[in-house]
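# mind looking at a prediction? Sequence and model below.
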Amino acid sequence: MEKPLKLIIESLLFAADNPLSAREIHGWLSEETQPNIRQVLKELQKEYDTMGRSFVLKEVAEGYQFRTRSGYSPYVVRMLKASPTRLSRPALETLAIIAYKQPVLRQEIERLRGVDVGGVLKVLLEKNLIRIMGRKNLPGRPLIYGTAKRFLEVFDLKDLKSLPKLEEIKDFGFDEHGTTLPQSPSSEDQRQSEDPET
Amino acid sequence: MEKPLKLIIESLLFAADNPLSAREIHGWLSEETQPNIRQVLKELQKEYDTMGRSFVLKEVAEGYQFRTRSGYSPYVVRMLKASPTRLSRPALETLAIIAYKQPVLRQEIERLRGVDVGGVLKVLLEKNLIRIMGRKNLPGRPLIYGTAKRFLEVFDLKDLKSLPKLEEIKDFGFDEHGTTLPQSPSSEDQRQSEDPET
Amino acid sequence: MDYEVRLDIFEGPLDLLLHLIHKSEVDIFDIPIATIADQYLEYLEMMKALNIDVAGDFLVMASTLVHIKSKMLLPDSKEEQEEEIFNEITRPLLEYISLRDAAQELSERELLDRDVFARHVPPYLQRQLGDEEPQLDVNLFQLIDAFRRLMDQRLPGVQLSFRPEKWSVKEKTEIIIARLKENNSIFFYELFSEDRTVSEFIVSFLALLELVHRGLVKIFQLTLESDIQLTALFEGNKQNGTIGNDGKTTQIDY
């Protein structure tokens, strides 16, 4: 089961979110000295430099990190732009209200969320997740919002009828006492909460 | 500025959050044909297999993704302080039923497991391993469950067809009397695609 | 009687049954029902004695076992009995075993984030993206969760109550038509699922009657037990197209 130190360190660098320093690595591999680890990092760096791959091991301020060679960044950026991201929490909550309460007025959404939702509505409209269904016969003729077709696509729903009912959600074991669901410790959530700070 | 296709694709795989399919890559490199890209992916996979590094290129969830070799998980787990993917036995069994019987109704799952599965379904939904595929046209309009893409990713499966074969239950001649198992009508599609041989 | 007081926690009735069959070293295709039924009931008794909640699922199986056992005292045809045992006990057990094995096999694969690890998009790459808005990655569960969270926060333990709003029949008609355009057919109760006040409910109902009266909507029921359904008789629904395709109910005048 013993693996070569070089490859152990490589696997850590590979799976890490951030640059790793010799000191940090020493924290997880306490049986190895820091100078030893530093030595291996340098070797790995040299190795990748000469390997002629699309990525190298770079020494940056906080440590070492695998990075694509700069020549490839046009391709990588093109891909990342087209890759899925997450909806912000305000956007998600607003969307949830619209999904469940449609047809719904902006003032209703704001009453539920307790904040102005103008900006969020704009984002959701731009993303084609919601649509304006019409105007309500009230002073000011406020707009009526509902979900758009793209909403069904993004959430992989056949139709609006497939949206789980709130009773069913309770049935999933959400506790009845009205406390919030404990966050799953899945790696996704971790990433989500880590990203904004970095 | 022209880079070899192999390295361009490598850089994309390296920077991606998810497994990438030839089709997706083609979307960003439209000048290359999909068969061409597929070919390069296979070459890369072979190359990394024999390179003896701590990570390889794996084919999962209908795409390719760089992943550490399994021998390094003790170190990586220590670093990420990740509570590693751990599913309870009930969750795993429920997931297996959904994987093999999808599209499937909750009542069918409960019939097979012999217990209520509400809480377990919640966990699996949270972890994004299963998804709601729609509703069945039956009284109560029950939800239909299936596995999500993340299921393939987590369980190292190329696609649903790569699921290990399920041992088929033979009927011991009782069925002539018309006492067939009450099959959920929804699982018919799956059956059809699963055992074309029989 | 000496019980080994080693209460295994059984996941469910099938689990317990398998355990008993295993312990008795009998063949799954030749289960001595009387014996196994007694053992099963003993176990439930023991759980009750120890104040362990016996889930309903266990009791259902108990009654099945008792039922089969009692029938075996009757001079029924042996074949019939065997058939019942197979269908009620053996086959569920076989299915359970095969799925349990499949679950085991799944868990032995190289699991992501347990045995192997993938790369994440490093933050420095995300920074290069600037303000570009990429695609969405969100699942239904997150959506529901967001909604639940919101409801809990805003109105702990209280049903939502909305300020009464004035709806006109015409507005509701438009909404019903919009929904039917999206879905072709909807269930009657769904029509009112979003109505929050009695008056809104009534207006919806009037709107529906209006649509039926104008021959734009058909109301039907597949069987006596099934829910009432509505289906559109306009546009893509092969019948006469009286409605413009811009979603406006231009042909309906009041």
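Thanks, I have the structure now.

# please count neighbours and contacts with C-alpha atoms only from this point.
Will do.

# quick check: the gap between C:Ser185 and C:Leu191.
C:Ser185 sits 11 Å away from C:Leu191, taking Cα to Cα, to the nearest Å as the criterion.

# which of the two has more residues huddled nearby?
Using other Cα atoms under 10 Å in any protein chain shown as the criterion, C:Ser185 and C:Leu191 rank with C:Leu191 on top: 20 against 17.

# what pLDDT does A:Lys161 get?
Looking at A:Lys161, its pLDDT reads 82.

# tell me the secondary structure for it?
helix (DSSP: H, G, I helix; E, B strand; the rest coil).

# skipping its backbone neighbours, what lies nearest it in space?
Take A:Lys161 and drop its neighbours on the chain: the residue closest to it by Cα to Cα, 6 or more residues apart in numbering or on different chains is B:Arg135, 7.4 Å away.

# which residues does that neighbour bridge with?
With DSSP bridges as the criterion, B:Arg135 is bridged to B:Leu143.

# could you check how far it is from chain C?
For B:Arg135, the distance to chain C equals 12 Å [Cα to the nearest Cα, to the nearest Å].

# break chain C into its domains for me.
C:5-107, C:133-250 (automatic domain parsing).

# so what's residue 103 up against?
Because you didn't say which chain, this covers chain A. If you count contacts by Cα atoms under 8 Å, 6 or more residues apart in numbering or on different chains, A:Pro103 has them with A:133, A:144-146, C:175, C:194.

# ah, I was thinking of chain C
B:92-93, B:95-96.

# and stretch C:168-188, C-alpha only, in PDB?
The C-alpha atoms that make up stretch C:168-188 are tabulated as PDB, following Å, rounded to 0.1, in the frame of the first residue of the first chain:
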ATOM      1  CA  SER C 168     -61.600  39.100 -12.500                       C
ATOM      2  CA  VAL C 169     -63.100  36.200 -14.400                       C
ATOM      3  CA  LYS C 170     -61.300  37.400 -17.500                       C
ATOM      4  CA  GLU C 171     -57.900  37.200 -15.800                       C
ATOM      5  CA  LYS C 172     -58.600  33.800 -14.500                       C
ATOM      6  CA  THR C 173     -59.800  32.700 -17.900                       C
ATOM      7  CA  GLU C 174     -56.600  33.800 -19.400                       C
ATOM      8  CA  ILE C 175     -54.600  32.000 -16.700                       C
ATOM      9  CA  ILE C 176     -56.500  28.800 -17.300                       C
ATOM     10  CA  ILE C 177     -56.000  29.000 -21.000                       C
ATOM     11  CA  ALA C 178     -52.300  29.700 -20.500                       C
ATOM     12  CA  ARG C 179     -52.000  26.600 -18.300                       C
ATOM     13  CA  LEU C 180     -53.900  24.400 -20.700                       C
ATOM     14  CA  LYS C 181     -51.700  25.600 -23.600                       C
ATOM     15  CA  GLU C 182     -48.700  24.500 -21.600                       C
ATOM     16  CA  ASN C 183     -50.100  21.200 -20.500                       C
ATOM     17  CA  ASN C 184     -53.000  20.200 -22.800                       C
ATOM     18  CA  SER C 185     -54.700  18.600 -19.900                       C
ATOM     19  CA  ILE C 186     -54.700  19.300 -16.200                       C
ATOM     20  CA  PHE C 187     -56.500  17.900 -13.200                       C
ATOM     21  CA  PHE C 188     -59.400  19.800 -11.900                       C
END
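
# so for it, mean pLDDT?
Mean pLDDT, computed over stretch C:168-188, is 80.

# wait, does that stretch contact chain B?
No - contact of stretch C:168-188 with chain B (Cα under 8 Å from any Cα of the partner chain) is absent, the minimum separation being 10.0 Å.

# just the helices in chain C please.
Secondary structure of chain C by DSSP state H: the helices cover C:13-23, C:33-49, C:56-71, C:78-85, C:91-107, C:123-129, C:140-154, C:169-183, C:188-191, C:198-213.

# by contact count, what packs against the fourth one?
Using 3 or more Cα pairs under 8 Å, 6 or more residues apart in numbering or on different chains; DSSP states H and E as the contact criterion, the neighbours of helix C:78-85 among helices and strands are helix C:56-71.

# packing partners of the helix it packs on?
By 3+ Cα pairs under 8 Å, 6+ apart, helix C:56-71 packs against helix C:13-23, helix C:33-49, helix C:78-85.

# could you give me the average pLDDT of that helix?
The pLDDT scores in helix C:56-71 average 88.

# which secondary element of chain C has the worst mean pLDDT?
strand C:135-136 (a mean of 52; mean pLDDT, DSSP states H and E).

# domain ranges for chain A?
With domains defined by automatic domain parsing, chain A comprises A:5-70, A:89-171.

# need the helices and strands packed on helix C:56-71 in JSON lines with mean pLDDT, can you?
Putting these into JSON lines (pLDDT from 0 to 100) gives the following:
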{"stretch": "helix C:13-23", "mean pLDDT": "91"}
{"stretch": "helix C:33-49", "mean pLDDT": "89"}
{"stretch": "helix C:78-85", "mean pLDDT": "84"}
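
# and A:Gln65, how many neighbours does it have?
Neighbours of A:Gln65 (other Cα under 10 Å): 24.

# return the residues in contact with the residue nearest to it when sequence neighbours are not counted.
Among residues not flanking A:Gln65 along the chain, A:Pro19 sits closest, at 4.5 Å (Cα to Cα, 6+ apart). If a contact means Cα under 8 Å, 6+ apart, then A:Pro19 has A:13, A:60, A:62-65 as its contacts.

# by pLDDT, give me the weakest of those residues.
Per-residue pLDDT puts A:Glu62 lowest of the contacts of A:Pro19, at 79.

# before we move on, the earlier item: with distance to A:Val123 added, can I get the helices of chain C in JSON lines?
Formatted as JSON lines, those follow (distance: least, Cα to Cα, whole Å):
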{"stretch": "helix C:13-23", "distance to A:Val123": "51"}
{"stretch": "helix C:33-49", "distance to A:Val123": "56"}
{"stretch": "helix C:56-71", "distance to A:Val123": "48"}
{"stretch": "helix C:78-85", "distance to A:Val123": "60"}
{"stretch": "helix C:91-107", "distance to A:Val123": "41"}
{"stretch": "helix C:123-129", "distance to A:Val123": "18"}
{"stretch": "helix C:140-154", "distance to A:Val123": "16"}
{"stretch": "helix C:169-183", "distance to A:Val123": "23"}
{"stretch": "helix C:188-191", "distance to A:Val123": "29"}
{"stretch": "helix C:198-213", "distance to A:Val123": "30"}
